[in-house]
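Undergrad: Prediction below, plus the sequence it came from.
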Amino acid sequence: MKTYTQPVYPYAKPADSAGSPRHWPVIVAGAGPVGLTAAIDLALRGIDVLVLDEDDTVSVGSRAICWSKRTLEILDRLGCAERLVQKGVCWNVGRVFFRGEQVYQFDLQPEPGHRRPAFINLQQYYVEQFLVERASELPGLDLRWRHRVVGVSPHDDRVALTVSTPDGEYAVQADWLIVADGSKSPIRGMLGLGSEGQVFRDRFLIADIHMTSAFPAERWFWFDPPFHRHQSALLHRQADDVWRVDFQLGWEADPEEEKKPDKILPRLRAMLGDEARFEIEWASVYTFQCRRMRSFRRGRALFAGDAAHLVSPFGARGANSGVQDIDNLAWKLELVVAGLAPERLLDSYDSERTAAADENIRNSTRSTDFITPKSTVSRTFRDAVLMLAKRHAFARRLVNSGRLSVPALLSQSPLNTPDSAPFAGHMAPGSPAVDAPVAGATGEWLLDYLGNGFTLLLFVDAVPEASLLRDLATLGADPIPCCSVLVGPAGAALPAEIRSIVAASDLLAERYDACPGTAYLFRPDQHVCARWRAFDLTQTRVSLARATGQYVH
Amino acid sequence: MLNTEPNLSAPDDFYEGLLDLHRDLSDEQSALANAKLILLLANHIGDLGVLRAALAAAREDIAA
């Protein structure tokens, strides 16, 4: 590749390969975006973590390129989103064309008052590199390259692994194993577990090209374009003037033939015109599948990312949902490792993230059915939608070139406390926190004040009474501490011992339907788990117990 | 609820118009016109419950 030099991470002979196996609280298998996110989140929680990866570099080829707002917010919490945003290409607008004419345009973030854009585009190799660099800053995180897991023995009280290195095999064990070893997941296979679903009978050519171009940073998707009749095509900008191009080829296409530059160049020429100057950086032909494991927890093995679930690429729901898996898992694992929550809390990882995977699979399957019609009649309806979309607004809502990743609403989660008072808006228990501008000591965005641990956000219109402040201090000193953040009126002399912020506009109160007295309880992954119109210490503690698997209702 | 009682203000006129829609069209073009018509009518109805009832009624007596 011209625009990127693959780093080579040095292999080191493990110092602990002789003698009895070293025991870790957590081992992560796989140093892709998901495994690295897991290791960083756990290390920041003070948990020693070993990461094993069979390779010694980052992803070859751009692979995942669209990183969602929620992923950036999670990586903000882990202290590494800014580099992605600086390097990446921000975009909010997508256009859909049918036979050469635009039929539909969407803006994914039409409203102001969010720190992060709907999406940035950045090649997966950059994301992995930045995550590796973040991981290397953290004590207690041991990242080992060219260490391949070749054996897994699950036990009631631990997981034992056999690891192969250039210096031979060694044994290691852990309380918990996070399996993030990708769609083919060798460890899933070793444990005799399957992943069930649907394979789509279609092939796509995916290519990264280096090109200086005046095309805007938007997602352009064509159905049946003049330059690639009866199929679809996609053009999307990445960092370094690299563009992602996707051509639907049909099931009959020969993948080996289609990968050859002689075959790719005329397709690109037809799409980009004779004037365009470009070079191919990377190309691949793929098919895709929508499937998932029945359960993401098997004893002490916890599956995440592509190892656990797989979707088609339309919608950017693969890597983004994998990062959300970890956002959901890391805090639960921290509490279980510390003995502060029962192991059944990890079953909520399974129930919450299989529900999210089903939502992603449902969306991805629907997009695929639209892009790759499976019968004459489904193609007829597809074309009818596209023809109508040009003239009639209603049909534009039916055009489906990918429903782009939005975070899952965990509305059915057993960790939620149902509302006991009416609330307007979209922040019901199970929702991820929506950002809003604020003023405060440690950041200008609401999300700067939420997460890592439990947080109570309390809206006040005056200095709270001493008894309330005592209650908040009590919560902060509980075994599973809950920190409080007061949202006060500008100019109020709020007590210094509790963090406080001021809403920088009406957006915060609007988005949370908040008035003085309103309290929101956020999980360590920034999801709402309870809310009230008035704070009550006992109710808050019951909700905290419920959210940590200690109270079965 | 799906209304299957007589509701067309001029049934014969509608039926004639429906056939007129397809005049001079190939089978493929007719299929496309039908699909557009279904989508236009579905949007006009809007209610998913009514549409589901119509989908189910359309499938009745057709053995797969």
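TA: In hand now; what should we look at? Residues are numbered from 1 along each chain as shown, chains lettered A, B, ... in the order given.

Undergrad: Write out the residues of chain B neighbouring chain A.
TA: Residues of chain B lying near chain A by Cβ under 8 Å from any Cβ of the partner chain: B:E28, B:A31, B:L32, B:A35, B:K36, B:I38, B:L39, B:L40, B:N43. Just so you know, the C-beta spots here come from the backbone N, C-alpha and C atoms, and that holds for glycine as well.

Undergrad: Could you list the buried residues of stretch A:145-154?
TA: A:W145, A:R146, A:H147, A:R148, A:V149, A:V152 (16 or more other Cβ atoms under 10 Å in any protein chain shown).

Undergrad: same deal with stretch A:356-372?
TA: Buried, per 16+ other Cβ under 10 Å, within stretch A:356-372: A:356-357, A:359-361, A:363-365, A:367-368, A:370-372.

Undergrad: Which members of the buried residues of stretch A:145-154 are positioned in helices?
TA: Of these, none are assigned to helices by DSSP state H.

Undergrad: got TSV for the buried residues of stretch A:356-372, with distance to chain B and pLDDT too?
TA: Formatted as TSV, the buried residues of stretch A:356-372 follow (distance: Cβ to the nearest Cβ, whole Å; pLDDT from 0 to 100):
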residue	distance to chain B	pLDDT
A:A356	23	96
A:A357	24	96
A:E359	18	95
A:N360	22	95
A:I361	21	94
A:N363	17	94
A:S364	21	93
A:T365	19	92
A:S367	18	93
A:T368	19	91
A:F370	13	95
A:I371	17	93
A:T372	17	90
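
Undergrad: okay, now B:A56: neighbour count?
TA: 10 (other Cβ atoms under 10 Å in any protein chain shown).

Undergrad: So for chain B, the centremost residue is which one?
TA: Central residue of chain B (Cα atoms, centre = their mean): B:I38, 5.4 Å from the mean position.

Undergrad: now chain A
TA: Note: chain A centre (Cα atoms, centre = their mean) maps to A:N320, 2.7 Å.

Undergrad: Roughly how far does that residue sit from A:T354?
TA: 17 Å (Cβ to Cβ, to the nearest Å).

Undergrad: Over to A:A31?
TA: Counting by Cβ to Cβ - A:A31 and A:T354 are separated by 24 Å.

Undergrad: Same check on A:C482?
TA: Using Cβ to Cβ, one gets 28 Å for the distance from A:C482 to A:T354.

Undergrad: quick one, what contacts the spatially closest residue to A:C66 that is not a sequence neighbour?
TA: Nearest non-adjacent residue to A:C66, counting by Cβ to Cβ, 6 or more residues apart in numbering or on different chains: A:A316, 3.7 Å away. A:A316 is in contact with A:A64, A:I65, A:C66, A:W67, A:S68, A:F119, A:G402, A:L404, A:S405, counting by Cβ atoms under 8 Å, 6 or more residues apart in numbering or on different chains.

Undergrad: Could you work out the most separated pair of those residues?
TA: Across these, the longest distance by Cβ to Cβ is 14.8 Å; it joins A:W67 and A:G402.

Undergrad: so who does whatever residue of chain B ends up closest to chain A touch?
TA: In chain B, the residue that lies nearest chain A is B:A35 (3.6 Å; Cβ to the nearest Cβ). Residues near B:A35 by Cβ under 8 Å, 6+ apart: A:V377, A:T380, A:F381, A:D383, A:A384.

Undergrad: one step back: which of the residues of chain B next to chain A count as buried?
TA: B:A31, B:L32, B:A35, B:K36, B:L39, B:N43.

Undergrad: Count the residues that sit near the closest residue to A:L386 other than its chain neighbours.
TA: Nearest residue to A:L386 in three dimensions, chain neighbours excluded: A:F98, at 4.0 Å (Cβ to Cβ, 6+ apart). By other Cβ under 10 Å, 21 other residues sit near A:F98.

Undergrad: Can you tell me how far A:F98 is from chain B?
TA: 13 Å (Cβ to the nearest Cβ, to the nearest Å).

Undergrad: which residues does that residue contact?
TA: Contacts of A:F98 (Cβ under 8 Å, 6+ apart): A:W222, A:F223, A:D224, A:L386, A:M387, A:A389, A:K390.

Undergrad: of A:A31 and A:T354, who's got more company?
TA: Between A:A31 and A:T354, A:A31 has the larger neighbour count (other Cβ under 10 Å), namely 29 against 18.

Undergrad: Buried residues, stretch A:21-37. List them.
TA: A:21-22, A:24-37.

Undergrad: ok, these vs chain B, which is closest?
TA: Nearest to chain B among the buried residues of stretch A:21-37 is A:V34, at 35.7 Å by Cβ to the nearest Cβ.

Undergrad: Can you give me the domain assignment for chain A?
TA: Annotated domains of chain A cover A:22-89+A:115-191+A:294-362, A:438-547 [automatic domain parsing].

Undergrad: Pull the contacting residues for A:R148.
TA: A:L52, A:E54, A:V163, A:S164, A:T165.

Undergrad: from the residues you listed, which is closest to A:L333?
TA: Using Cβ to Cβ, A:L52 comes nearest to A:L333 of those, at 17.1 Å.

Undergrad: Bridged to that closest one, which residues?
TA: A:A29, A:R144 (DSSP bridges).

Undergrad: Can you classify the residue lying closest to A:G315 once chain neighbours are set aside as helix, strand or coil?
TA: In space, and not counting its chain neighbours, A:G315 is closest to A:G402: 4.3 Å by Cβ to Cβ, 6+ apart. Secondary structure assignment for A:G402 (DSSP: H, G, I helix; E, B strand; the rest coil): coil.

Undergrad: Contact partners for A:G402?
TA: Neighbours of A:G402 in contact, by Cβ under 8 Å, 6+ apart: A:F221, A:F314, A:G315, A:A316, A:S367, A:I371.

Undergrad: Keep only those of these that are in helices.
TA: Of the contacts of A:G402, the ones assigned to helices by DSSP H are A:S367, A:I371.

Undergrad: Can you list which of the contacts of A:R148 are found in strands?
TA: A:L52, A:V163, A:S164, A:T165 (DSSP state E).

Undergrad: if we can go back for a sec, tell me the pLDDT at the residue nearest to A:G315?
TA: In this model, A:G402 is scored at 92, pLDDT.

Undergrad: Ok, A:Q238 next?
TA: 95.

Undergrad: next one: the one 3 residues further on
TA: Here the pLDDT value assigned to A:D241 is 95.

Undergrad: OK, contacts around it?
TA: So A:D241 contacts A:T3, A:H210, A:M211, A:T212, A:S213 (Cβ under 8 Å, 6+ apart).

Undergrad: The last one against A:V245, yeah?
TA: No: proximity of A:S213 to A:V245 does not meet the contact threshold set by Cβ atoms under 8 Å, at 11.6 Å.

Undergrad: Spell out the residue ranges of the helices in chain A.
TA: A:33-44, A:69-77, A:81-87, A:124-136, A:186-190, A:255-258, A:261-272, A:319-337, A:345-371, A:376-391, A:393-396, A:466-476, A:507-511, A:537-547.

Undergrad: just those: most buried one?
TA: helix A:33-44 (a mean of 28; mean count of other Cβ atoms under 10 Å in any protein chain shown).

Undergrad: Now do the helices in chain B.
TA: Remark: helices assigned in chain B by DSSP H are B:11-21, B:27-45, B:48-59.

Undergrad: Kindly export the longest one (C-alpha atoms) in CSV.
TA: I take that to be helix B:27-45. Extracted C-alpha coordinates of helix B:27-45, given in CSV (Å, rounded to 0.1, in the frame of the first residue of the first chain):
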residue,chain,number,x,y,z
ASP,B,27,-46.1,-8.7,-18.3
GLU,B,28,-42.9,-7.3,-16.8
GLN,B,29,-44.1,-3.7,-17.0
SER,B,30,-47.5,-4.8,-15.6
ALA,B,31,-45.8,-6.4,-12.6
LEU,B,32,-43.9,-3.2,-12.0
ALA,B,33,-47.1,-1.1,-12.3
ASN,B,34,-48.9,-3.4,-9.9
ALA,B,35,-46.0,-3.2,-7.4
LYS,B,36,-46.1,0.6,-7.6
LEU,B,37,-49.8,0.6,-7.1
ILE,B,38,-49.6,-1.7,-4.0
LEU,B,39,-46.9,0.6,-2.5
LEU,B,40,-49.0,3.8,-3.2
LEU,B,41,-52.1,2.2,-1.6
ALA,B,42,-50.2,0.8,1.3
ASN,B,43,-48.8,4.2,2.2
HIS,B,44,-52.3,5.7,1.9
ILE,B,45,-53.6,3.1,4.4
